[in-house]
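Q: Attaching a predicted model along with its sequence, questions to come.
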Amino acid sequence: MKRLAALMLAAALTVGSAAALTPEEAFPAKNSYPGYADVADTAWYADAARVCYEVGLITGTGAGFAPDKVLTVGEVAAIAARMNEAITGEAIPMADPKPGEALPWYASYVTYLEGLGVDVPDPEKGATRLELLTLMGGVIPADMLSPINTITALPDTGDETVLRFYNAGILTGVDAWGTFAPDKSLTRAETAALVARVARPELRERFTPADYTMFTAAGLAPGDVLFTNGTTAGAYLPYVQSLIDGLEADCAAAGLEFNWFHTVDGVEFLDYVKDTALDHFGVTKKDGTALYQNFDVQVYYSRYLDGKGLS
């Protein structure tokens, strides 16, 4: 993340002269979109694929758009280089091989970016979300990332440069809680969505992360697997909390304070919550992973109330 911040600073110096450009001015439509056989009009990334083709930042693979293909660092570098060329007008020179030397296809793009002070690690490996953001952040001026959201923290990072892309509506995370998932790989469809949002602000998304208090209280992340059938904390905790909320409401309606030793049809609240949740997800306690075995509902709820300022 420190490297990302440094690259953003370098980018500000590198593209400062182009900062007054709007995205539409920097990325005008110059190609007529032919459509792709593997991109349905109803696909969530259809507009992104079209925009990326029209502005010349991402085109087809010869076999269509290939939306599920995972991008390499070299492919992401090519996109970032094209973006900088469009923003600054600084052409990408063709790499000049030595006699008898065969350069990889991405050599010109990598050399171009490294000339801007943007490091391109291992171009042939699969790219991660952080690497895409690092390369894009190295060429996109701050003026093109006007905020439309007010997000101050994310489940797995509070880095200001990452937040800048979230607040600009370029990123919304991999789940309702806005998880960044820096090491997650990227498909062409996902990359096209981010690139298109840079080029066309009307595609940017307003986003407010869902309340993360329950996961902080439980010491779990939404993707943590709690049962052998694959049930995650992202599914389990909201359901457990809904059961507790219902019991709280019943107590309030009866003029009682919530107490784990109250009963529902002769079953104490604690057992009711545990058993009902297990039945709901079609599992037993024996199906629980170590994370589930170490999960204490009472401790969780006490911490949850503290986190909500209700204790």
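A: Thanks, I have the structure now.
Q: any low-confidence regions in this protein?
A: For the chain, the stretches with pLDDT under 70 are 1-19.
Q: residues contacting the residue nearest in space to the middle of it?
A: For the chain, the residue sitting closest to the mean C-alpha position, by C-alpha atoms, centre = their mean, is Gly173 at 2.7 Å. Taking C-beta atoms under 8 Å, 6 or more residues apart in numbering, we find Gly173 in contact with Leu154, Tyr166, Thr179, Phe180, Ala181, Phe207, Pro209. All C-beta atoms are positioned from the backbone trio N, CA, C, and that covers glycine.
Q: quick one: what helix or strand has the fourth one in it?
A: Meaning Phe180. Counting by DSSP states H and E, there is no helix or strand that carries Phe180.
Q: that older thread, may I ask which two of the contacts of Gly173 are separated the most?
A: Farthest-apart pair in those is Ala181 and Phe207; separation 15.1 Å (C-beta to C-beta).
Q: one step back: compare the contacts of Gly173 and tell me which is most surrounded.
A: Highest neighbour count within the contacts of Gly173: Tyr166, with 23 neighbours (other C-beta atoms under 10 Å).
Q: Helix, strand, or coil at it?
A: When classified by DSSP: H, G, I helix; E, B strand; the rest coil, Tyr166 comes out as helix.
Q: In this structure it contacts Phe207, no?
A: Yes: in this structure, Tyr166 is within contact of Phe207 by C-beta atoms under 8 Å, at 7.0 Å.
Q: Neighbours of Val267, how many?
A: Neighbours of Val267 under the rule other C-beta under 10 Å: 14.
Q: which ones are touching it?
A: Asp275.
Q: List the beta-bridge partners for it.
A: Per DSSP bridges, the residues bridged to Val267 are Val264.
Q: sorry, back to before: if I look at the residue nearest to the centre of the chain, how far off is Pro209?
A: Going from Gly173 to Pro209 by C-beta to C-beta, to the nearest Å gives 7 Å.
Q: Which residues are in contact with each of those two?
A: Leu154.
Q: Could you look up the SS state of Pro182?
A: Relying on three-state DSSP, one would call Pro182 coil.
Q: and the residue lying closest to it once chain neighbours are set aside, how far is that from Ala193?
A: Once flanking residues are discounted, Pro182 sits nearest to Leu130: 3.7 Å by C-beta to C-beta, 6 or more residues apart in numbering. As judged by C-beta to C-beta, Leu130 and Ala193 stand 17 Å apart.
Q: do Leu203 as well
A: The gap separating Leu203 from Ala193 is 8 Å, by C-beta to C-beta.
Q: who touches both of these two?
A: Joint contacts of Leu203 and Ala193 (C-beta under 8 Å, 6+ apart) are Ala48.
Q: Which one's more surrounded, those two?
A: Ala193 (22 against 16).
Q: about what we covered before: wait, isn't the residue nearest to Pro182 in contact with Asp183?
A: Yes: using C-beta under 8 Å, Leu130 is in contact with Asp183, at 6.9 Å.
Q: Give me the more crowded residue out of these two.
A: Neighbour totals were compared for Leu130 and Asp183, and Leu130 leads with 20 against 10 (other C-beta under 10 Å).
Q: what about that one, which helix or strand?
A: helix 129-137.
Q: Just the residues contacting that helix, thanks.
A: Contacts of helix 129-137 (C-beta under 8 Å, 6+ apart): 3-4, 7-8, 11, 71, 73, 76-77, 79-80, 83, 113, 118, 120-121, 161-162, 165, 171, 180-186, 191, 194-195, 198.
Q: got the end-to-end distance for stretch 213-231?
A: One end of stretch 213-231 sits 19 Å from the other (C-alpha to C-alpha, to the nearest Å).
Q: re earlier: quick one: common contacting residues for Tyr166 and Phe207?
A: Joint contacts of Tyr166 and Phe207 (C-beta under 8 Å, 6+ apart) are Asn149, Ile151, Thr172, Gly173, Gly178.
Q: Am I right that the fourth one falls within a strand?
A: Same thing as Gly173. No: counting by three-state DSSP, one finds Gly173 to be coil, located in no strand.
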